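Visitor: after the sequence you'll find the predicted model.
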Amino acid sequence: MSFASGHLTRHPLPAGIAGALGVRGYQLLCDVAGVGAGRLGRHAFLLVAPEPEAGAPDPGTQLVLHHQQVRDERVAALYPSLAAQLGYLRLSGYRLSLERVGLRSRLHVVDPGSGRLLASIPERHPGRLLGRGRDAASLLRALRSLPPAAPPAAGSDEELMREVLLALALREPELSGAQAAELADRALALVRARPGLELPAALEQARRGRG
């Protein structure tokens, strides 16, 4: 796995960007496969670590979405869900390509098989928030409509399995980061006890309290 657990904690947003945007000392709400959501006061934002390229310098963690005046906590709660969905897509095989645009970056979701661009965030003609008037909820629905490039199956890599389970759990806005992590741990215990149990099924059983 390219991005081990806690990658964004160890590779925060560069100080120059954080200072220019007034988000020094932000709280990292979630961190899945190098994709995370940050929060500082009314600021809410999406952070993404770029795919590593052999022989190329690391450009550092980049900021994709930045909502400076969040007044509705329901909107803020969608940012961890967006990060988790993108992390899940990356874990299942999609490539997340970043294009720097000033202090921010545009993220492209690329099909690894065909190389076809499936989505850009934000879109190329920015609107009020995420592009062409699209809000966080509709963007999340659009990302969820993309099928996994390869359905994540239970295997021998427990760190990878836990990251997938955490990504699946964090997609639900009603769960806090701590609750999602606890749910992922319970689901992982079920997978250990029952080899071959698919990860989404394990998560659902853990959610219902079934062992």
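Guide: Right, received. Where do you want to start? Residues are numbered from 1 along each chain as shown.

Visitor: please pull up the helix or strand immediately following the helix or strand hosting Arg39.
Guide: Assessed by DSSP states H and E, Arg39 sits inside strand 35-40. Downstream of strand 35-40, the first helix or strand assigned by DSSP H and E is strand 43-48.

Visitor: got the angle for that following strand vs strand 35-40?
Guide: When axes from the mean of the first three to the mean of the last three C-alpha atoms, to 10 degrees is applied, the directions of strand 43-48 and strand 35-40 differ by 160 degrees.

Visitor: ends of stretch 18-30, what's the gap?
Guide: Stretch 18-30 has an end-to-end distance of 18 Å (C-alpha to C-alpha, to the nearest Å).

Visitor: what residues of it count as buried?
Guide: Across stretch 18-30, burial judged by 16 or more other C-beta atoms under 10 Å covers Ala18, Leu21, Val23, Tyr26, Leu28, Leu29, Cys30. Every residue, glycine included, has its C-beta placed from N, CA and C.

Visitor: any idea how far that stretch is from the chain center?
Guide: Stretch 18-30 sits 17 Å away from the centroid of its parent chain (C-alpha atoms, centre = their mean, to the nearest Å).

Visitor: for that stretch, which outside residues touch it?
Guide: 8-9, 12-13, 15, 36-40, 43, 45, 47, 63, 66, 79-80, 83-84, 103, 170, 177, 180 (C-beta atoms under 8 Å, 6 or more residues apart in numbering).

Visitor: tell me the strands beside the strand or helix carrying Ala119, with direction?
Guide: Element membership for Ala119, per DSSP H and E: strand 117-121. The pairing partners recorded for strand 117-121 under DSSP bridges are strand 104-110 (antiparallel).

Visitor: how far out from the middle of the chain is the strand it pairs with?
Guide: 13 Å.

Visitor: render the CA-only coordinates of the host helix or strand of Leu168 in CSV, please.
Guide: Assigned by DSSP H and E, Leu168 falls within helix 158-170. What follows is helix 158-170, C-alpha atoms only, in CSV (Å, rounded to 0.1, in the frame of the first residue of the first chain):
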residue,chain,number,x,y,z
GLU,A,158,-4.3,-6.5,7.8
GLU,A,159,-3.3,-2.9,7.5
LEU,A,160,-4.8,-2.7,4.0
MET,A,161,-8.0,-4.4,5.2
ARG,A,162,-8.3,-2.0,8.1
GLU,A,163,-7.8,1.0,5.8
VAL,A,164,-10.6,-0.3,3.5
LEU,A,165,-12.9,-0.9,6.5
LEU,A,166,-12.2,2.5,7.9
ALA,A,167,-12.8,4.2,4.5
LEU,A,168,-16.2,2.3,4.3
ALA,A,169,-17.2,3.3,7.8
LEU,A,170,-16.1,7.0,7.4
